[in-house]
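[1] Compute the structure for the input listed below.
(chains A and B)
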Number of protein chains: 2
Amino acid sequence: MKLTSISELGEFKLIEHLTKNIEIQNTSTIMGIGDDAAILNFRGKNTVISTDLLIEGIHFDMSYVPLKHLGYKAIAVNISDIYAMNAIPTQVTVSIAVSNRFPVEALDEFYDGIKVACKNHKVDFVGGDTSSSKTGFIISVTALGIAENDKVVKRSTAQVDDIVCVTGDLGGAYVGLQLLEREKEIYKTSPNLQPELTGNEYILQRQLRPEPRKDIIEAFAELEIIPTAMMDISDGLSSELMHICNQSGVGCRIYEEKIPIAKETIKQSQEFNIDPTVCAMNGGEDYELVFTISVSDYEKIKNNWDFTAIGYITKDTGVTQLIARDGTAIPIEAQGWNTFK
Amino acid sequence: MKLTSISELGEFKLIEHLTKNIEIQNTSTIMGIGDDAAILNFRGKNTVISTDLLIEGIHFDMSYVPLKHLGYKAIAVNISDIYAMNAIPTQVTVSIAVSNRFPVEALDEFYDGIKVACKNHKVDFVGGDTSSSKTGFIISVTALGIAENDKVVKRSTAQVDDIVCVTGDLGGAYVGLQLLEREKEIYKTSPNLQPELTGNEYILQRQLRPEPRKDIIEAFAELEIIPTAMMDISDGLSSELMHICNQSGVGCRIYEEKIPIAKETIKQSQEFNIDPTVCAMNGGEDYELVFTISVSDYEKIKNNWDFTAIGYITKDTGVTQLIARDGTAIPIEAQGWNTFK
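    Numbers count the residues shown, from 1 in each chain, chains lettered A, B, ... in the order given. Reported below is the predicted structural model:
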């Protein structure tokens, strides 16, 4: 198959090629791609905006990340921030910089992933920028969303005695990454060995194609629940809990035994000799939600399998504790996502 | 002076450091930096959104671009797209990726430039992302703006017989870039020679610190003029005229002798043996506005020094012509900004 070089097309034809057949799904999008700016109208509702950079060699490794998944994930991680505000994502802009040796067909794969994510989450792709890069693949996504004015949920409004809940399970994305890194190293020394990925589909999918929790925001609306504070888990539960507690001027006690971890995550983390709790607390990239909720609202969701209560908010400003299985209180320290180290 | 390394601070403290003292100036900004997303409310008005990537080695050269100017320009080029919609910019997000060898003091310079641009244009800095980069400095800016619903100006609505106008003068930014490139080459071979920049302040400023035309959008509002089509001149006049004509289904005739070029630009382009008209048509980065206007509205601005009528719109779809000084009609071809070549 003959591959098409980007320089054959040039910037304008490339944009035309990559953005053809893009359908508008939201009434808030008045005009999408094709002018100096897109035109939107939020009809008086609150708009939320969030942005992320994804850089080859820092955030992803092209040697094992399929481009379609990369496109999906680029959108997923951004709209996850929108859901974390209890808002519904409506538009994204996507800018990329790639080497001119990158074939157009590879970019098509990437944009296919973007389009699938946009379709699944009813988000309109309304603009962007394309550039060449002398070094690696660079992706910048900005996501917009809307929320009823009294329903936006911040980090800074957790209340003493609120229940701390998380959605889904944690640590899988981190263990999935360790597995991909291990198989890459093995491949480098023994390229003829087949990678051992079978049976690990769950953790690989957690790493490669995370699914932001649209369903949770819809459930909140249906159950008429507004969390008191919320964040998505991108840097790791420890880091997010510290943000919520510090910004709300409260503390928290979290119980190790309550933290939801999938059996596949436990199995693989044991194989790597890492404590599964460490993966869940500090791993990051799970794109689940952590939120605080009043005791009375918690009654409405306590039998729902999507949610796990893991602890509660205390009045001790800045004192964030993990209560281990043996009863010891361990201070929670944010590992965060310090790409500068 | 001891410089501070970024890794000393870590991501969260770095963000805190870079974004302290940021003041909110627009009522449409409900909450800025500090959560998963910023919260905005446009109160039913049209919102426009535009985004740009700026990459070291492609869009700028750190060996001669002062960081403060780079910060200013990163904002300027984005809000120029907002003005080009006849809208008023209101918010920006700024994401950066830098090497961890970059000192915090250098980033401070860059953010100072951003803050000055935001202040000059009454724009709120509401979010972003920071990451490390293994290669070069990467900047991604997204700008939002508002416009009355019936005042947004697109590219695709130029009308036959409209006058084509440009603001300011063209070609200066391109000649400024050539000068900086020449002095860089001289410096490489003879580092003790002083660069010859004196007397060329105008074209250097056009390249290093362009000023987007807020004043023009304010003048339109005051004079109650709405152009029929408009773009900002980032890729070069040729390219922008082709976009307007193709998307509007019209043609144009532009007169070489009418194209406004500053005397400093003419002088320096002659020194480089480049035709000043070529600089104006294909140079790009001037961040002036090109617009079309009905003959009756043109009457209101024809004595204003900020505007120059350079030609008119014809019914010949896709036929874009430059009428040279000798009367020859030359087809306008877009050079664009093909960074892929």
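[2] going forward, measure contacts and count neighbours with C-alpha atoms only.
    Noted.
[3] Contacts only, for the residue most central in space within chain A.
    Closest to where the C-alpha atoms of chain A average out (C-alpha atoms, centre = their mean) is residue A:77, at 3.2 Å. Neighbour list for residue A:77: A:52, A:210, A:212, A:234, A:287 [criterion: C-alpha atoms under 8 Å, 6 or more residues apart in numbering or on different chains].
[4] now do residue A:172
    By C-alpha under 8 Å, 6+ apart, the neighbours of residue A:172 are A:202, A:203, A:204, A:206, A:207, A:261, A:262, A:264, A:265, A:279, A:280, A:286.
[5] what do you get for residue A:52?
    Residues near residue A:52 by C-alpha under 8 Å, 6+ apart: A:77, A:78, A:140, A:141, A:142, B:95, B:128, B:129.
[6] again with residue A:165
    A:290, A:291, A:292, A:293, A:307, A:308, A:309, A:310, A:311.
[7] closest to residue A:56 among these?
    Proximity of these to residue A:56 was ranked by C-alpha to C-alpha; the top entry is residue A:290 with 27.9 Å.
[8] who's that closest one bridged to?
    Beta-bridge partners for residue A:290, by DSSP bridges, are residue A:166, residue A:231.
[9] got a pLDDT number for the closest residue to residue A:137 other than its chain neighbours?
    Excluding the flanking residues, the one nearest residue A:137 by C-alpha to C-alpha, 6 or more residues apart in numbering or on different chains is residue A:98, at 4.8 Å. Here, the pLDDT recorded for residue A:98 equals 92.
[10] What's the local residue count around residue A:98?
    By the measure other C-alpha atoms under 10 Å in any protein chain shown, the count of residues near residue A:98 is 20.
[11] Now the phi/psi pair for it, please.
    phi -140, psi 160 (degrees, to the nearest 10).
[12] shouldn't it be in contact with residue A:136?
    Yes - if you go by C-alpha atoms under 8 Å, residue A:98 and residue A:136 touch, sitting 6.4 Å apart.
[13] and the stretch 101-250 of chain A, which of its residues are near chain B?
    A:127-135, A:140, A:142, A:154-155, A:231-232 (C-alpha under 8 Å from any C-alpha of the partner chain).
[14] mind running it again at 7 Å?
    Near chain B, the residues belonging to the stretch 101-250 of chain A are A:127, A:128, A:129, A:131, A:132, A:135, A:140, A:154, A:155, A:231 when assessed by C-alpha under 7 Å from any C-alpha of the partner chain.
[15] now the last one: how far from residue A:238?
    To tie it back to what came earlier, the one meant is residue A:231. Noted for residue A:231: a distance of 12 Å to residue A:238, by C-alpha to C-alpha, to the nearest Å.
[16] residue ranges of the strands in chain A, please?
    A:29-31, A:38-41, A:46-55, A:88-98, A:124-132, A:138-147, A:163-167, A:229-232, A:251-255, A:289-293, A:307-314, A:320-323, A:329-331 (DSSP state E).
[17] With distance to residue A:271 added, can I get those strands in a markdown table?
    Below are the strands of chain A laid out as a markdown table (distance: least, C-alpha to C-alpha, whole Å):
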| stretch | distance to residue A:271 |
| --- | --- |
| strand A:29-31 | 49 |
| strand A:38-41 | 49 |
| strand A:46-55 | 29 |
| strand A:88-98 | 37 |
| strand A:124-132 | 41 |
| strand A:138-147 | 33 |
| strand A:163-167 | 25 |
| strand A:229-232 | 28 |
| strand A:251-255 | 24 |
| strand A:289-293 | 27 |
| strand A:307-314 | 26 |
| strand A:320-323 | 24 |
| strand A:329-331 | 25 |
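[18] so which of these is the most packed in?
    Mean neighbour counts were compared across the strands of chain A using mean count of other C-alpha atoms under 10 Å in any protein chain shown; the top stretch is strand A:229-232, at a mean of 29.
[19] Quick check: mean pLDDT of it?
    If you average the pLDDT over strand A:229-232, you get 98.
[20] burial measure for residue A:103, as a count.
    By other C-alpha under 10 Å, the residues close to residue A:103 number 16.
[21] quick one: contacts for it?
    Residues near residue A:103 by C-alpha atoms under 7 Å, 6 or more residues apart in numbering or on different chains: A:3, A:4, A:5, A:6.
[22] Now for the third one: which residues touch it?
    I take that to be residue A:5. By C-alpha under 7 Å, 6+ apart, the contact list for residue A:5 reads A:101, A:102, A:103, A:104.
[23] Can you tell me how far it is from residue B:302?
    47 Å.
[24] Could you do the second one as well?
    For residue A:4, the distance to residue B:302 equals 48 Å [C-alpha to C-alpha].
[25] next one: residue A:285
    Distance from residue A:285 to residue B:302, by C-alpha to C-alpha: 58 Å.
[26] Mind checking which of these two has more residues around it?
    Taking other C-alpha under 10 Å, residue A:285 and residue B:302 do not tie; residue A:285 has more neighbours (24 against 13).
[27] Surely the more buried one touches residue A:175?
    No - contact criterion C-alpha atoms under 7 Å: residue A:285 and residue A:175 do not qualify, at 10.5 Å.
[28] Local confidence estimate at the residue lying closest to residue A:244 once chain neighbours are set aside?
    Residue nearest to residue A:244 in three dimensions, not counting chain neighbours: residue A:155, with 5.0 Å by C-alpha to C-alpha, 6+ apart. pLDDT recorded at residue A:155 is 96.
[29] next one: residue A:337
    46.
[30] same thing with residue A:301?
    On pLDDT, residue A:301 comes in at 91.
[31] Just give the closest residue to it, not the sequence neighbours.
    Closest to residue A:301 by C-alpha to C-alpha, 6+ apart is residue A:307, at 7.2 Å.
[32] If the one you found is in a bridge, with which residues?
    Going by DSSP bridges, residue A:307 forms beta bridges with residue A:167.
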